[in-house]
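In: Prediction below, plus the sequence it came from.
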Amino acid sequence: QSVLTQPPSVSAAPGQKVTISCSGSTSNIGNNYVSWYQQLPGTAPKVLIYENNKRPSGIPDRFSGSKSGTSATLGITGLQTGDEADFYCGTWDKSLGAWVFGGGTKLTVL
Amino acid sequence: EVQLLESGGGLVQPGGSLRLSCAASGFTFSTNAMNWVRQAPGKGLEWVSTISSTGANTHYADSVKGRFTISRDSSKNTLFLQMNSLRAEDTAVYYCTRMSSAGWFLDYWGQGTLVTVSS
């Protein structure tokens, strides 16, 4: 059971928008920055969002992040079939003294 | 260009040992904390260990504490993970990752090396 809770799967049609939630506690999301990682099939993860809502260079603005209290959300607009991947949220947990990930969410673009 | 290249994975029997290496290039290795993250077949990501930029501080997941040791050699720009008393549940792809110097996130990942623990 992961410290951070994500929905196992989400789906939407091409061109539509989808959001992925990540729920934690005051010892992790509530007091630390959240980052999001995309893992395309058969590849290593890469960072999509850092410090809750910042995008590394090269990441399109179709991807966005937000945080409120002990929850964070990843948003993806203008869905493309190439966006199909597993998405993970992550942050440092002060109480555990450990980096924690969500269980991952599989995105299907129908 | 930042590159992280893992090596050392393979098949090992339960109770055995393995040492993973991660050769880093394209950045000043001694300025970033480094991590190992693993992914069991068909499962999600699991953080394993973190070492500070100087090597003075280390952190471990409870699942590997006392069995795994993370270390780094800045003269060789290499990160290591010594894994002892390996168990079947340690079977996973192990990724070497860099902690961004700008904040708390993992900004670069290697391609991973597969460790299989089986008799």
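Out: Thanks, I have it.
In: need the contact list for residue 62.
Out: Just so you know, I chose chain A. Residues in contact with A:Arg62, defined by CB atoms under 8 Å, 6 or more residues apart in numbering or on different chains, are A:76-78. (C-beta placed from N, C-alpha, C; glycine too.)
In: meant chain B actually
Out: A:Ala98.
In: Let's see that with 10 Å instead.
Out: Listed by CB atoms under 10 Å, 6 or more residues apart in numbering or on different chains, the contact partners of B:Asp62 are A:96-98.
In: and if you look at B:Glu89?
Out: Here B:Glu89 is in contact with B:14, B:40, B:63, B:117 (CB under 10 Å, 6+ apart).
In: which SS class is it?
Out: Recorded secondary structure, B:Glu89: helix (DSSP: H, G, I helix; E, B strand; the rest coil).
In: coming back round to it: in helices, which of the contacts of B:Glu89 fall?
Out: The members of the contacts of B:Glu89 all map outside helices under DSSP state H.
In: among these, who's most crowded?
Out: B:Val117 (19 neighbours; other CB atoms under 10 Å in any protein chain shown).
In: which residues does that residue form a beta bridge with?
Out: Per DSSP bridges, the residues bridged to B:Val117 are B:Val12.
In: Counting neighbours, what do you get for A:Ser23?
Out: For A:Ser23, using other CB under 10 Å, the count is 17.
In: Over to B:Cys22?
Out: 25.
In: in which helix or strand would I find it?
Out: Here B:Cys22 sits within strand B:18-25, counting by DSSP states H and E.
In: name the helices or strands packed onto that strand?
Out: strand B:3-7, strand B:10-12, strand B:34-39, strand B:68-73, strand B:78-83, strand B:92-99, strand B:113-117 (3 or more CB pairs under 10 Å, 6 or more residues apart in numbering or on different chains; DSSP states H and E).
In: Of the contacts of B:Asp62, which belong to strands?
Out: Those of these mapping onto strands are A:Ala98, per DSSP state E.
In: Filter the contacts of B:Asp62 down to the buried ones.
Out: A:Ala98 (16 or more other CB atoms under 10 Å in any protein chain shown).
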